[in-house]
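Student: just to be clear, the model below is a prediction. Sequence and coordinates:
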Amino acid sequence: MAKLTVSDLDVKGKKVLMRVDFNVPIKDGVIGNDNRIVAALPTIKYVIENGGKAILLSHLGRVKKEEDKPGLSMRPVAERLSNLLNKPVTFVPTTEGKQLEDAIDGLNDGDVLVMENTRYEDVKDGEYVKRESGNDPELGKYWASLGDVFVNDAFGTAHRSHASNVGIASNMAQTAAGFLMEKEITFIGGAVDNPEHPFVAILGGAKVSDKIGVIDNLLAKADKILIGGGMTYTFYAAKGMKIGNSLVESDKIDLAKEILDKAGDKLVLPVDSIVAEKFDNDVAHKTVEGDIPDGYMALDIGPKSVAEFEDVLKDAKTVVWNGPMGVFEMSNYAEGTLEIGKFLGTLKDAKTIVGGGDSTAAVQQLGVADQLSHISTGGGASLEYLEGKTLPGIAAISDK
Ligand code: ADP
Ligand code: MG
């Protein structure tokens with residue numbers, strides 16, 4: 001069922017509560033990277049250009065004690081937003097009460113207000129009460145009372161049931177997705193629920209244990225699953241191959257065997273690896289086929305694997321990628337991830353989707369993100385979505 005989107009709403013003259021993801025890196029009051037604020041602009045602009053009053057809520061970091069609060073104030077975010085929108089933004093340094101209510105009453109159509117960090121509600125009088133992150137029913141109800149409609153554009157917290165997403169939504173007649181959220185639902189939701197075939201999943205990253213849910217869910221849906229990254233070597237061990245000093249989860253070898261049996265030829269393992277004697281960029285490294293020799297660890301997939309993967313990918317209509325192919329943070333072990341990323345960029349008839357925190361960082365760092373159809377904005381949320389779980393933040397959005 002399609003979800004209601006902000007463009008389905010008549011926002012003119014309305015107080016539009018908006019849950020955005022302004023959870024930016026911040027140190028000593030200075031914002032490190034404002035990507036998330038920039039990403040929220042289309043939905044904010046849509047609301048104010050159509051005569052709505054935008055009341056923005058977001059969490060910022062984790063507030064567990066009173067002393068966490070000053071360093072996690074939303075004030076610098078409100079200032080940056082004002083610069084980006086090139087118009088004044090009202091900042092209210094509280095999350096409830098008369099000051100907030102008066103400021104909202106004073107808004108004109110097209111104005112923007114930013115409320116203080118929603119997680120300030122997690123600590124009251126020095127006590128860690130988790131009103132926001134525990135979805136306190138009174139808090140959701142109170143915040144809902146401040147607006148006429150609710151727009152949720154914070155995909156990054158969609159896997160959590162918090163007062164500022166699920167709590168507000170359950171007290172509103174209508175909740176709509178913002179444009180960012182809509183794109184995540186279209187691409188990730190579309191791939192998981194109704195993919196165009198051939199559907200190929202590329203799964204890598206560090207550990208099998210992090211990705212069991214994703215492997216299980218996608219085994220049932222994808223035509224092929226290409227495995228890369230550190231988890232490869234637990235599968236190698238399960239096949240009785242030598243793995244040298246490569247990353248392995250000994251307690252997951254039996255599980256890897258079960259997955260291999262179940263998957264048959266649907267699951268494709270790398271045939272070669274880049275190996276080194278140390279987890280270090282500045283040591284000698286070489287390509288080996290099959291077994292990893294004693295004293296070596298595998299840190300990337302090799303060129304034959306890349307070519308085999310490309311052969312599978314070339315006809316794909318849907319590709320979901322989670323987990324880098326190697327230790328992309330070190331230039332000598334980034335080649336596999338880079339080559340796969342570049343190849344995906346050439347697949348113009350395919351939907352190419354990247355989810356996962358490090359995977360997103362990898363395609364951005366390697367400069368291939370622009371060529372792909374969708375780069376997810378939520379690490380944990382995209383993983384749970386790929387696992388086929390219902391995300392409470394999305395479930396709480398109204399159907400069209
Ligand atoms: P995501 O955050 O996208 O879900 P993961 O957290 O599962 O991805 O995995 C990312 C990490 O996996 C990276 O830090 C990368 O260095 C590591 N990694 C990839 N291949 C290997 C390998 N062969 N050995 C050890 N670590 C690896
Ligand atoms: Mg990660």
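Tutor: Cool, the structure landed. Numbers count the residues shown, from 1 in each chain. Ligands and ions are numbered 1, 2, ... in the order given.
Student: contacts and neighbour counts: CA atoms only from here.
Tutor: Will do.
Student: domain map for the chain?
Tutor: The chain is divided into the following domains under automatic domain parsing: 6-181, 188-386.
Student: and those as TSV, adding distance to residue 393?
Tutor: Conversion of those to TSV gives the following (distance: least, C-alpha to C-alpha, whole Å):
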stretch	distance to residue 393
domain 6-181	4
domain 188-386	10
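Student: of all the ones you listed, which one is nearest ligand 1?
Tutor: If you check each of the domains of the chain against ligand 1 by C-alpha to the nearest ligand atom, domain 188-386 wins as the nearest, at 3.1 Å.
Student: so does the closest one get close to ligand 1?
Tutor: Yes: using C-alpha under 6 Å from any ligand atom, domain 188-386 reaches ligand 1 at 205-207, 229-230, 247, 298-300, 322-329, 356-359.
Student: ok, and what's touching the longest helix along the chain?
Tutor: Residue-count comparison of every helix in the chain, with assignments taken from DSSP state H, identifies helix 35-49 as the longest. The contact list for helix 35-49 (C-alpha atoms under 8 Å, 6 or more residues apart in numbering) reads 6, 11, 16, 20-24, 53-54, 77, 81, 84-85, 109-112, 153, 178-180.
Student: sorry, back to before: for the domains of the chain, give me CSV that also has distance to residue 397 and mean neighbour count.
Tutor: As requested, the domains of the chain are exported to CSV (distance: least, C-alpha to C-alpha, whole Å; neighbours: other C-alpha atoms under 10 Å):
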stretch, distance to residue 397, mean neighbour count
domain 6-181, 5, 20
domain 188-386, 14, 20
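Student: give the residue farthest from the middle of this structure.
Tutor: Relative to the centre of the chain, and counting by C-alpha atoms, centre = their mean, the farthest-placed residue is residue 294 at 37.2 Å.
Student: if we can go back for a sec, quick one: which of the contacts of helix 35-49 sit in strands?
Tutor: Here DSSP state E is the test, and the contacts of helix 35-49 give 16, 53-54, 112 as lying in strands.
Student: avg pLDDT for stretch 391-400?
Tutor: Regarding stretch 391-400, the rounded mean pLDDT is 96.
Student: same question, stretch 109-125
Tutor: Taken as a whole, stretch 109-125 has a mean pLDDT of 97.
Student: and stretch 207-215, how far from the chain's centre?
Tutor: Here the centre of mass of C-alpha atoms in stretch 207-215, compared against the chain's by C-alpha atoms, centre = their mean, to the nearest Å, lies 16 Å away.
Student: for residue 323, give me its contacts.
Tutor: Contact partners of residue 323, counting by C-alpha under 8 Å, 6+ apart, are 202-206, 228-229, 356, 358-359.
Student: other residues contacting stretch 129-146?
Tutor: If you take C-alpha under 8 Å, 6+ apart as the criterion, stretch 129-146 is touched by 15, 17, 96, 101, 104, 118-119, 121-123, 150, 161-164, 166-172.
Student: thinking again about what came up before, could I get the contacts of residue 323 as a markdown table with distance to residue 375?
Tutor: Below are these laid out as a markdown table (distance: C-alpha to C-alpha, whole Å):
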| residue | distance to residue 375 |
| --- | --- |
| 202 | 14 |
| 203 | 15 |
| 204 | 16 |
| 205 | 16 |
| 206 | 20 |
| 228 | 19 |
| 229 | 19 |
| 356 | 9 |
| 358 | 11 |
| 359 | 9 |
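Student: make CSV out of the residues you listed and add secondary structure and pLDDT.
Tutor: CSV is the format used below for the contacts of residue 323 (DSSP: H, G, I helix; E, B strand; the rest coil; pLDDT from 0 to 100):
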residue, secondary structure, pLDDT
202, strand, 97
203, strand, 96
204, coil, 96
205, coil, 93
206, coil, 92
228, coil, 97
229, coil, 97
356, coil, 89
358, helix, 92
359, helix, 93
